[in-house]
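S.K.: what would the 3D arrangement of this be:
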Amino acid sequence: MYRLPVWILLWLFISSLVVFWDVSFVLLRPRSMKGGDLFWLYTPYELYIEVDRAYGDLKNTFVISQSYLNILENILNFIAIFTHFLHSPSSPLFALTGLSMTLGKTILYTLMDVVCGFCHTKENSINNLILFYIIPNGMWLLMPFLSIVSIFLNFFKPTPTKTTKNKKKD
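M.R.: From the prediction side, this is the model:
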């Protein structure tokens, strides 16, 4: 039975915590923004909404919608972790589903900015764009992609059968 590697389990866990924080920021706006009573929990977003203006736009329905999808994505990630420790063969399928949602959503989010002529990010210096937008979003593309490839390749790994085990003993 295929078991998820530790690095994938760590990614699922840590990224889910970050995403739950992100979901709460978006869904609690404007209270989570500067001047709001919950801003103290979200101070790094003061800079991020300057880099990615979509996050500061309270009427951006895509940002709100993707936050609701993030909840489902994180539930799948935690089910993957939980079922992994129960030694369930379904764990990689839950992980694959959650990771695919993360990758697809991040690609779509990035493409939306590209299609609108970088309407949310074009005001940035190249340094801010790289440091606070490209690198973080790149991680949300790279890690799910590598995880998906790792899980997918293991689905096609030959599994030992009784005949192959017996042949090795001969």
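S.K.: how far away from the center of its chain is stretch 102-111?
M.R.: Put simply, stretch 102-111 sits 9 Å off its chain's centre (CA atoms, centre = their mean, to the nearest Å).
S.K.: all helices of the chain, in order?
M.R.: 6-27, 44-51, 61-85, 91-115, 126-129, 135-155, 162-169 (DSSP state H).
S.K.: mean pLDDT lowest for which of the ones you listed?
M.R.: Mean pLDDT values for the helices of the chain show the minimum at helix 162-169, a mean of 58.
S.K.: related to what we said a few turns ago, and the helices of the chain as CSV, adding mean neighbour count and distance to residue 37?
M.R.: The C-beta positions use only the backbone N, C-alpha and C, and glycine is treated the same way. Listed next are those as CSV, based on neighbours: other CB atoms under 10 Å; distance: least, CB to CB, whole Å:
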stretch, mean neighbour count, distance to residue 37
helix 6-27, 17, 14
helix 44-51, 16, 15
helix 61-85, 17, 20
helix 91-115, 18, 28
helix 126-129, 12, 28
helix 135-155, 16, 26
helix 162-169, 8, 64
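S.K.: in CSV: those, plus distance to residue 34.
M.R.: As requested, the helices of the chain are exported to CSV (distance: least, CB to CB, whole Å):
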stretch, distance to residue 34
helix 6-27, 12
helix 44-51, 5
helix 61-85, 17
helix 91-115, 23
helix 126-129, 18
helix 135-155, 20
helix 162-169, 63
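S.K.: which one of those helices lies nearest to residue 33?
M.R.: helix 44-51 (7.1 Å; CB to CB).
S.K.: same for that closest one, what does it pack against?
M.R.: On a contact count with 3 or more CB pairs under 8 Å, 6 or more residues apart in numbering; DSSP states H and E, helix 44-51 meets helix 126-129.
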